[in-house]
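S.K.: Provide a 3D model corresponding to the input given below.
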Amino acid sequence: MTGPHATGVWISANSATVLRWSPELTVRHRIDSTVPGRHRSTGRPPTETHPSGEGHRDEHLRTYFVQVAQALPVDDDLLLVGDGEVVEHFAEQVRSEEDSHGRTRRIEVEKSGPLTERQLLARIRTFAGSPAKRTLPR
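M.R.: As a prediction, this is how the structure comes out:
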């Protein structure tokens, strides 16, 4: 890809949509997670003999984050969008990886509910400094 480009990720615990945008081309990649859902129970609280299982979920989440991070180009600015704590934890991991490799790039985080691919693309274009040109009907 030539010219300005940026990558956006909408991420939740269930899936991630990665869009790499440039004026010439948009590349889409979807990654489904294997992270088990949170177990909500009204039964007894977790104890040493009856664990909550969150450690198991956290390990799945770390593996999922690695899969998503591997789909990110190393030279693009990143817009990370998602709901809840997942996007924040993913951003921490990406920033940590950037620091360990001595790379610096712009990484922004936005909290949002689910987005369509077109909505995510519009946010990425604005983030890249090239918002879509809007024309009014005549």
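S.K.: if we look at the helix or strand harbouring Ala122, which residues are touching it?
M.R.: Using DSSP states H and E, Ala122 sits within helix 117-127. Applying CB atoms under 8 Å, 6 or more residues apart in numbering, the contact partners of helix 117-127 are 6-8, 10, 17, 19, 21, 26, 28, 77, 79, 81, 108, 110, 115, 131-132. C-betas here are computed from N, CA, C, even on glycine.
S.K.: now do 7 Å
M.R.: If you take CB atoms under 7 Å, 6 or more residues apart in numbering as the criterion, helix 117-127 is touched by 6, 8, 10, 17, 19, 21, 26, 28, 79, 81, 108, 131-132.
S.K.: Columns neighbour count and distance to Arg62 on top of the residues you listed, output as a markdown table?
M.R.: Shown next, in a markdown table, are the contacts of helix 117-127 (neighbours: other CB atoms under 10 Å; distance: CB to CB, whole Å):
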| residue | neighbour count | distance to Arg62 |
| --- | --- | --- |
| Ala6 | 24 | 26 |
| Gly8 | 26 | 22 |
| Trp10 | 27 | 19 |
| Thr17 | 20 | 20 |
| Leu19 | 21 | 23 |
| Trp21 | 25 | 28 |
| Thr26 | 15 | 29 |
| Arg28 | 12 | 24 |
| Leu79 | 24 | 22 |
| Val81 | 24 | 20 |
| Glu108 | 14 | 23 |
| Pro131 | 11 | 35 |
| Ala132 | 10 | 36 |
